[in-house]
Structure formats: structure tokens, C-alpha cells
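Undergrad: dropping the sequence and predicted coords here.
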2 protein chains.
Amino acid sequence: MSLDERKLDVLRAIVEDYVATQEPVGSKALVERHNLGVSPATVRNDMAVLEEEGYIRQPHTSAGRVPTDLGYRLFVDRLSRIKPLSPAERRAIERFLAGALDLDDVVHRTVRLLAQLTRQVAVVQYPSLARSSVRHLELVPISTTRLMLVMIVDTGRVEQRLVELPGPVPDEAVSDLRRMVNEKLVGKRLSDTPPLVQALVDEVAPDIRGTMATLASVLLETLVERHEERIALAGRANLTRGSLLDFQGSLRPILEALEEEVILLKLLGEVDASTLRVRIGDENEIDNLRSTSVVSTGYGPGVTIVGSLGVLGPTRMDYPGTIATVRAVARYVGELLGNN
Amino acid sequence: MSLDERKLDVLRAIVEDYVATQEPVGSKALVERHNLGVSPATVRNDMAVLEEEGYIRQPHTSAGRVPTDLGYRLFVDRLSRIKPLSPAERRAIERFLAGALDLDDVVHRTVRLLAQLTRQVAVVQYPSLARSSVRHLELVPISTTRLMLVMIVDTGRVEQRLVELPGPVPDEAVSDLRRMVNEKLVGKRLSDTPPLVQALVDEVAPDIRGTMATLASVLLETLVERHEERIALAGRANLTRGSLLDFQGSLRPILEALEEEVILLKLLGEVDASTLRVRIGDENEIDNLRSTSVVSTGYGPGVTIVGSLGVLGPTRMDYPGTIATVRAVARYVGELLGNN
DNA sequence: ACTGGCACTCGTTACAGTCGAGTGCCAGCG
DNA sequence: CGCTGGCACTCGACTGTAACGAGTGCCAGT
């Protein structure tokens, strides 16, 4: 049985009311608050159908209805009206991000802003290394057998790594190495560098080949193994907004999940298309987060995507508003990165 | 009226039992679990005195007693027996920290370890810049009017900052600047550098004085304004351990406080003596954390202190255990830093 | 196809009663 | 004088009952 127009209206009304009040919504209250043009009894019939189809459910017999994950999904996909940001919000975003000094600053401001605007937990991934290009590599001797490798990429990220050398290396050799790696790698996308790094080891003079090999392995480790992604988080306190029931009673699994970088990365999803993505409740692959929804999107200068950001909250969230905010913030951040 | 030995025993027993069971402890249960050698009635009399003196209180008339902040204070200062770490714990600490690659790694491992061992929220401050010495300064041209300033200090921290120059500067000038700042600053403690930086501006050739001045101001900002402290946190999920009553009902204020870097720094306290510090409940200056206790201490190679670390939990915490763990972890981290 | 009416369900709230842990006090004992 | 056993008392926790009411499903009527 397909749902006619009015049934969809009813579902939309239920979602909106439930999100607003956080209480199961009954047929009578519905017709009062939305002018559906029909009586409560009719709405009840519609509700029965919606329930049968799995879009809403009753917490208990004598209670109103609550949307299911499926219901939210339908709402997000087909029923929600786009909610434009208020000028005040736009201004807030602009002003808040404008003063940023460097990448760290941009990311921190962004994540706080997101948390504040959506009143939820915000997650921002630093521009991914894999999608950036090398701007400069610096080698700083720390002792005769130790180097500090500092890599600066075009998105502004700076990564450093201590390199333990197999044996002492004179300063001139370090200079040589510095010159060589820079010549070979600067301007290249990090995802393209592994073969180049490999080639370097082969080309280098035999006397410093061992050193170069060590350096190369550290480089590869830093560049390729994408676990070098970094993430900023804010707004955890927002989890305590609303009743505890939002998260089936305990914040514990959620707080735990939020401490695992790996999980957060999975949660933001692959930084693929710039399309905004909404994962509702059970759609999340992470068990601890089955009772939450995640709205995420990629960001970057222009059309290229260098990282992603998003927010996490109860399935009972204001989807239209959240979606609008996440999208807007991502766009501003992208622009900001372009200017750098 | 002063408290005799037995009353102190009673207080100790109350604290230990309450920490273990999380329930108000009555006179009968007390004599059963600890062999105090007296009857419940006697204990009741002692309790009455302890209550009058403000060390314990009754949640309600027909309930057992619960320690007050003052009671915990007395317990920590005079009653707790030192609880040596188990060999297993020692080994865990050693093994967990041994594999660390660089400073970031050390800090992250430490904070996780602390959270895990104490089952509370762990806080670790990165080695304070002010207490470190400059190892190397690097200037990387980003564009003709932009430099990336990278500072490496002896504790392994690496700070970077974007410098907007007043006008275009040729590469040779950058090299000159690099040489000059390094000559002047390497090996100096950061807290001693401000006058040196100032002097640099005066000494420099007039044609690049403007550039140097800009660079100097960024340097001073990075070095002096100690808001450049960094902090790592872990174990927030542990706040949900035990009943919600531990934190008078809501985690919200605590989670909020934990998101503010400034507050965390205040919480760790001045990195003064290496003495371990316990702040119990109301002793905390931060309003949001009046229902928590903080155990913190400084750490550093040898006797010098470069940062501090600690844990935060309910006032009802295992003080002896926590204190022992915090102290041990701090010592290990200090050693580790010394080896670098 | 929609509506009004009605019986029914069931969670919530209020109230009364019981239970028991724990207390304070006191008289008695060594 | 300090400790103890005994006892009356308090008060929260728990239980059972009853009334309430929001909300439902169903059905007959328009």
C-alpha cells in the first residue's frame, strides 16, 4: 500500500512535533497544532497505516506515536522543507571564522561554531594529508643520530616526526637529504608520493643510502598510513540536553565512541563526493552509536574535498536546521581554505 | 574537642566503605566489616561527634553516614595508607609508555593510560613552552609575503605559526633571518627570550627591520602568551561510571568545563613544586567542578617540572589508589622525557 | 471517505500501609 | 568514665490499590 499525500503530511507533522516537544504525539494534539483539515479519528486511521508500514511506533499502548528510524529517513528524504539560515546565523558564521590565524585556529573555531549553532556534538576532520600536496619538508638535526622531520602541506597542516637514524650523519649529508627530498616531493599530492619516495632511496649516493631508507620509511608511514588523520571535537556537553531517554538511558557508549579517533573517522565517512550525508540511528555502522544520527559532509576549497565535518546528536534532532547549518559551515570553511 | 584515635579509625572506615559501596554506611555494618573492637553503639557516639565536627553527614535521618569534603580532606591528609602499585600495574605503565615515538605519542599514551588505570577522567598538559628551551627555529616561505614559523623545543614540542609579512621578502633575506634568530635564541629557555627577541629587532639591518619586527611580534605572541598551552584529555566515559548522584545529578557542567582549555589549565594548577596536589569538592575554584575531586602533579625530567597531569573524578574516589597511580605515571613520563 | 462516539488500555499519580535500616538516648555495667 | 545493650523513634524504600486521563481501535452513521 502506498502512502497518499495526507499520510505523508501526518508523518511530517508527527516528526516536527516530536522533535519540538520530545513527547509522543497523539492524534488530537496533531490536528490542533497543524491544520490538516481532518478530524482526529481520520488521523488515527492514517497513523495505524503509518505504524503498519514501520514509519512510526507506539512506546506503549496508551501513548502517542513516535517516529522510527525509517520514519525519520522518509522525512529527511522527501518531507523536510529546506530551512534557510537566518541572516544572523550567516553573520555569526562569517564573523566567527573570519579571525582565524592558522589551520589549527580554523579547525577549532569551526568545531566550536558547529557545536554552538546546532547544539550538538560537532566533529571536524583536519584536511586529510592524502588529499594535500607537499609544500616543504624540513630536516632538523636533534642529535647526531636523530632528525626531526617536519612536513608542511598546502592546506596548512604541519606534521612532525622523530627519525632515529641507523648511524651518525654529518650536517652536510642532512642538507643533501633535505635538498633531495624537497626537489622530488614538493608540489606533489601526498597520495602520489610513495613511488617517488621509493625512487629516492634508489637514486641516492650509497654512503647515505641507509639514512635515506630510514627517512623514507618514516615518510611513508607518515604519508600513507592514513591513521595520521586528526580530528577536533566539541559540544559533548550537548549530549546532556534533553532527556536521557534520547540515548536509551546511558551516555557511556557514546562518550566511549567519541574518544576513539578511528571510530570518529569511520563516522564521518569516506571523504568522497561533497554530498551531504545523513545517517539515522541503526543506519550507523558503529554499534555504540545506533541511537544517534550523524549529519556529515565534505569540505574544501572550491570543488575539491580535503576533509569532512559533521555533527552527531539524538535521532530526534532538527534535521532541516542541522543540515542547513552543516552545509553552510562547510562552505564557509572551504572558502576560507581557498584564501590561504 | 579533639578526635581521638578511634574516632579517626571510624572516619577512615567510613570513607573506605563508602568509596567501595557507594552507599551510606551505618554503624552496624561498620563494626562487622572492620574489626574496631567496639560495639555499634559506641561507633554511633563517635559518629555523632564526627558529624558535629563536620567530617560526615547524614543524607537523611534514617540513613547511614557519608563523608563530607572535609572528611575526605582529613582522610587524605592523615588517614590514608599508602597503597603501593601492584607489579602488574608497574609493568603496564612501563610497557604502555615504552613504545612511544614522539611527544604527541607520549602524551596520548599517558593520558589514556591514566584514564584506564584510575578509571577516571585524565588530563595531561603538554610540556609547557615557558619551561622549555629552543632547539631550532625554521622559517619556510609560503608565498612572497608569508612565512611559516616552526619552532622546535627540547621537550619535543613543535609549534607552528603563520606570519603575514608587511611586504615581499626575498629568499636570501629569509635565510638571514633564520640564521639570526637561531643564533640568538637556540638553547635559551623560552621564558628568557623576550628581551633577546626585542634586541634582535634593534640589531637587524634596516632593510629587513620591518620583517623582523613582524616576526618578533609573532614570536613573542607564541612564546610568551602562555595560552599556547596544549592539553590532552581522555576517559570522559568514566564519568558515567557509578550513579549519577556522584555529580549531583548532571554531567553537563562537568562536560562543559572539560571543553574549556583555560579551565583545564587552572584545574591542573600552577606547575610549581613537584608536590602532588589533591583538591576535594568545594576546594576547587571552578564552580562547575565543585562536585568533583582533582588529583594532580607536575612532571618532568629529573627534578625540573615541565608540565602537569592529573585526574578528575567524583569526590567519592579511591584517593590512595589514585594518588599512587598519578604519582607513578608522572615519574615514568618524566623519565621518558629525560631520555629524549 | 470521513466523522463522532464509545469502550478499552495502560502509564502516571496519589495515597496508605508496611518494613527495616539506622539513629539517639539512657540506664547499667566493668 | 567509657563502653554496651536495649528501646523507641524516624523516615526513606517498597508495595498495593484506586482514580485519572491521554490516547487508541473500532463501528455505525453521514
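TA: Done, it's in.
Undergrad: separation between the residue in the stretch 1-150 of chain A that DNA strand D sits nearest to and A:Arg65?
TA: Residue nearest to DNA strand D within the stretch 1-150 of chain A (Cβ to the nearest atom of the strand): A:Gly26, separated by 2.7 Å. The C-beta positions use only the backbone N, C-alpha and C, and glycine is treated the same way. When Cβ to Cβ, to the nearest Å is the yardstick, A:Gly26 and A:Arg65 sit 7 Å from each other.
Undergrad: so those two - more neighbours on which side?
TA: Comparing A:Gly26 with A:Arg65 by neighbour count (other Cβ atoms under 10 Å in any protein chain shown), the higher total belongs to A:Arg65, at 27 against 19.
Undergrad: next, the buried residues of the strand ranked longest in chain A.
TA: Longest strand in chain A by number of residues (criterion: DSSP state E): strand A:134-143. Under the neighbour-count criterion of 16 or more other Cβ atoms under 10 Å in any protein chain shown, strand A:134-143 has A:Val134, A:Arg135, A:His136, A:Leu137, A:Glu138, A:Leu139, A:Val140, A:Pro141, A:Ile142 buried.
Undergrad: and it, what does it pack against?
TA: strand A:146-153, helix A:171-185, strand B:134-143, strand B:146-153 (3 or more Cβ pairs under 8 Å, 6 or more residues apart in numbering or on different chains; DSSP states H and E).
Undergrad: now the buried residues of strand A:134-143 as TSV including distance to DNA strand D and pLDDT?
TA: Converted to TSV, the buried residues of strand A:134-143 look like this (distance: Cβ to the nearest atom of the strand, whole Å; pLDDT from 0 to 100):
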residue	distance to DNA strand D	pLDDT
A:Val134	61	90
A:Arg135	60	89
A:His136	64	89
A:Leu137	64	90
A:Glu138	63	89
A:Leu139	65	90
A:Val140	63	86
A:Pro141	66	86
A:Ile142	61	84
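Undergrad: residues in contact with A:Ile93?
TA: A:Leu85, A:Leu113, A:Leu117, A:Ala328, A:Val329, A:Tyr332 (Cβ atoms under 8 Å, 6 or more residues apart in numbering or on different chains).
Undergrad: the helix or strand where the last one lies packs against which elements?
TA: Translated: A:Tyr332. Assigned by DSSP states H and E, A:Tyr332 belongs to helix A:319-339. Under the contact definition 3+ Cβ pairs under 8 Å, 6+ apart, helix A:319-339 sits against helix A:87-98, helix A:103-118, strand A:292-299, strand A:307-314.
Undergrad: can I get the CA coordinates of the second one in CSV?
TA: These are the backbone C-alpha positions of helix A:103-118, laid out as CSV (Å, rounded to 0.1, in the frame of the first residue of the first chain):
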residue,chain,number,x,y,z
LEU,A,103,44.8,26.0,10.4
ASP,A,104,44.6,24.9,14.0
ASP,A,105,42.7,28.0,14.7
VAL,A,106,40.3,27.5,11.7
VAL,A,107,39.5,23.9,12.8
HIS,A,108,39.0,24.8,16.4
ARG,A,109,36.7,27.7,15.6
THR,A,110,34.8,25.7,13.2
VAL,A,111,34.1,22.8,15.5
ARG,A,112,33.0,25.2,18.3
LEU,A,113,30.8,27.1,16.0
LEU,A,114,29.2,24.0,14.7
ALA,A,115,28.6,22.7,18.2
GLN,A,116,27.1,26.0,19.2
LEU,A,117,24.8,26.5,16.2
THR,A,118,23.5,23.0,16.1
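Undergrad: figure out how far that helix is from the centre of its chain.
TA: Counting by Cα atoms, centre = their mean, to the nearest Å, helix A:103-118 is centred 12 Å from the centre of its parent chain.
Undergrad: how far off centre is the helix or strand just after that helix?
TA: As assigned by DSSP H and E, the chain's next helix or strand after helix A:103-118 is strand A:121-125. Relative to its parent chain, strand A:121-125 has a centroid offset of 5 Å by Cα atoms, centre = their mean.
Undergrad: who does strand A:121-125 touch, helix- and strand-wise?
TA: Strand A:121-125 packs on helix A:103-118, strand A:231-234, helix A:261-268, strand A:307-314, going by 3+ Cβ pairs under 8 Å, 6+ apart.
Undergrad: is the last one anywhere near chain B?
TA: No: Strand A:307-314 lies apart from chain B when judged by Cβ under 8 Å from any Cβ of the partner chain; the minimum separation is 14.2 Å.
Undergrad: what residue in the stretch 101-250 of chain A comes nearest to DNA strand C?
TA: A:Leu245 (10.0 Å).
Undergrad: and that residue, how many residues sit next to it?
TA: Neighbour tally, A:Leu245, other Cβ under 10 Å: 12.
Undergrad: and it, that one's in a helix?
TA: Yes: assessed by DSSP: H, G, I helix; E, B strand; the rest coil, A:Leu245 belongs to a helix.
Undergrad: and it, what pLDDT?
TA: Model confidence at A:Leu245, given as pLDDT, is 70.
Undergrad: any idea how far it lies from A:Val49?
TA: 26 Å.
Undergrad: circling back: now the residue of the stretch 1-150 of chain A closest to DNA strand D, nearest residue through space, not along the chain?
TA: A:Gly64 (3.8 Å; Cβ to Cβ, 6 or more residues apart in numbering or on different chains).
Undergrad: surely A:Leu36 meets A:Met47?
TA: No: the pair A:Leu36 / A:Met47 is not scored as a contact, 11.8 Å apart, by Cβ atoms under 8 Å.
Undergrad: anything in contact with each of the two?
TA: A:Val10.
Undergrad: neighbour count winner among those two?
TA: Ranked by neighbour count (other Cβ under 10 Å), A:Leu36 and A:Met47 place A:Met47 first, with 24 against 17.
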